[in-house]
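Visitor: Dropping the sequence and predicted coords here.
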Amino acid sequence: MTAQILDGKATAAAIKSDLAVRVAALKERGIHPGLGTVLVGEDPASQKYVAGKHRDCAQVGIASIQRELPATATQEEIEAVVRELNEDPECTGYIVQLPLPKGIDENRILTLMDPAKDADGLHPTNLGRLVLNEPGPLPCTPYGIIQLLRKHGVEINGAEVVVIGRGVTIGRPMPLLLTRRSENATVTQCHTGTRDLAAHLRRADIIVAAAGVPHLVKPEDVKPGAAVLDVGVSRDENGRILGDVHPGVTEVAGWISPNPGGVGPMTRAQLLVNVVEAAERGVAAS
Ligand SMILES: Nc1nc2c(c(=O)[nH]1)N[C@@H](CN(C=O)c1ccc(C(=O)N[C@@H](CCC(=O)O)C(=O)O)cc1)CN2
């Protein structure tokens, strides 16, 4: 068996062309969505991701607001930029690119954001809304993964899903989304304390690998026909991406997300969905 491709690039392109129409409709009503990004330091991967987010904005007609600080920026300097974006009427939603440099209190920065402008769905209020099943922005990578599965007709309802990882952007929120009634999956969360990862993987209909450990998911541990989402990003000595999924898994799985070209573009598309939905909610409330 050779796995079918969960094509994030094509799926994200379709989402973005729908968003372009919605942005045009908002502009006709005098609403001009603008996405802000806060990038601290010179990490080449983060610079690339942020540049991609602004390229996407240009494609759908969302204005871009970019704030860059050096790696030496203090907690107070970053907080000042967050306060400034909270007040900026041109910025209808924004993100703080993670990770922040060592020594910076990331949770304090996220908490300081105006939850109504949190385009990442990572503010404690918005994570709380997710737990309570109330409307709000959804964390971009987890919701991008759900959309990727839905658009390719992969059955989530009743599926046994293994999520590997427990970070704030993916591992923590992913099970919350998958266990909503609308998705209805059964989730096992694995992490560095899991005793027998392979035993869990072998039972999974869907695997979300977000550990950041190159080739952690091996072909012999994947159930034939399973859907495998490769979220991990490590780099080889030439800067090329090494995913969490061993290339041999393609011969066993039913579905596989390429990396690059899978979950990354979906993360960016979902970010724009959050910006547009927040603007539309504003219209509905006015
Ligand atoms: N504030 C946030 N920080 C981070 C998040 C997040 O959701 N919010 N997630 C990741 C990084 N990320 C988003 O910012 C992200 C990762 C990957 C991509 C992407 O388009 N990847 C391309 C490949 C790019 C390359 O060659 O390196 C792909 O997969 O095709 C976009 C965004 C951590 N930080």
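Guide: Noted; the coordinates are in hand. The structure presented is a predicted model; accordingly, all values stated were derived computationally and were not measured. Residues are numbered from 1 along each chain as shown.
Visitor: and the residue of the protein nearest the ligand?
Guide: Here the residue of the chain nearest the ligand is Gly264; by C-beta to the nearest ligand atom that distance is 2.1 Å. All C-beta spots, glycine's among them, are computed from the backbone N, C-alpha and C.
Visitor: Close to the ligand: what parts of the protein are there?
Guide: 45, 48-49, 52, 95-98, 120, 140-141, 169, 241, 260-261, 264-265, 267-268 (C-beta under 6 Å from any ligand atom).
Visitor: Of those, which qualify as buried by neighbour count?
Guide: 49, 95-98, 120, 140-141, 169, 241, 261, 264-265, 267-268 (16 or more other C-beta atoms under 10 Å).
Visitor: so which of the residues you listed comes closest to Pro33?
Guide: Closest approach between these and Pro33, by C-beta to C-beta: Ile95, at 13.6 Å.
Visitor: what sits against the spatially closest residue to the closest one that is not a sequence neighbour?
Guide: Leaving aside its chain neighbours, Ile95 sits nearest to Asp120 (4.7 Å; criterion: C-beta to C-beta, 6 or more residues apart in numbering). Asp120 sits next to 95-96, 137, 139-140, 169, 271, 274 when contact means C-beta atoms under 8 Å, 6 or more residues apart in numbering.
Visitor: which of the residues you listed lies closest to Arg181?
Guide: Nearest to Arg181 among those, with distances taken as C-beta to C-beta, is Pro139, at 18.3 Å.
Visitor: tell me the pLDDT at Val23?
Guide: Val23 carries a pLDDT value of 98.
Visitor: Report whether it is found in a strand, as I expect.
Guide: No: going by DSSP: H, G, I helix; E, B strand; the rest coil, the assignment for Val23 is helix, not a strand.
Visitor: what about it, distance to Leu127?
Guide: 26 Å (C-beta to C-beta, to the nearest Å).
Visitor: Show me where the stretch 101-250 of the chain has its helices.
Guide: 106-112, 124-132, 140-151, 173-178, 197-203 (DSSP state H, counting those that start in this stretch).
Visitor: Average pLDDT for the shortest one, rounded please.
Guide: Meaning helix 173-178. Helix 173-178 comes out at a mean pLDDT of 98.
Visitor: now do the third one
Guide: Confidence over helix 140-151 (mean pLDDT, whole number) is 98.
Visitor: Okay, buried residues for that helix please.
Guide: Neighbour counts over helix 140-151 (16+ other C-beta under 10 Å) mark 140-149, 151 as buried.
Visitor: ok so, going back, quick one: average confidence on the helix or strand containing the residue of the chain closest to the ligand?
Guide: In the assignment (DSSP states H and E), Gly264 maps to helix 263-285. The average pLDDT for helix 263-285 rounds to 91.
Visitor: What residues of it count as buried?
Guide: Buried, per 16+ other C-beta under 10 Å, within helix 263-285: 263-280.
Visitor: related to what we said a few turns ago, more neighbours: Val23 and Leu127, which one.
Guide: Val23 (24 against 21; other C-beta atoms under 10 Å).
Visitor: For the closest residue to the more buried one other than its chain neighbours, the count of nearby residues, please.
Guide: Closest residue to Val23 apart from its sequence neighbours, by C-beta to C-beta, 6+ apart: Gly61 at 4.3 Å. By other C-beta under 10 Å, 17 other residues sit near Gly61.
Visitor: these two touch, right, Gly61 and Glu28?
Guide: No: counting by C-beta atoms under 8 Å, Gly61 does not reach Glu28; the two are 11.5 Å apart.
Visitor: which stretches of the protein have low pLDDT?
Guide: 283-286 (pLDDT under 70).
Visitor: just so I have it, where are all the strands in it?
Guide: 4-5, 34-40, 63-69, 93-96, 160-164, 186-190, 206-209, 227-230, 234-235, 241-242, 255-256 (DSSP state E).
Visitor: Of the ones you listed, which stretch is the most buried?
Guide: Highest mean neighbour count among the strands of the chain (mean count of other C-beta atoms under 10 Å): strand 227-230, with a mean of 29.
Visitor: Which elements pack onto that one?
Guide: helix 140-151, strand 206-209, strand 255-256 (3 or more C-beta pairs under 8 Å, 6 or more residues apart in numbering; DSSP states H and E).
Visitor: Quick one: the ones you listed as JSON lines, columns for distance to Thr37 too.
Guide: Below are the helices and strands packed on strand 227-230 laid out as JSON lines (distance: least, C-beta to C-beta, whole Å):
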{"stretch": "helix 140-151", "distance to Thr37": "13"}
{"stretch": "strand 206-209", "distance to Thr37": "25"}
{"stretch": "strand 255-256", "distance to Thr37": "30"}
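Visitor: Thank you, goodbye.
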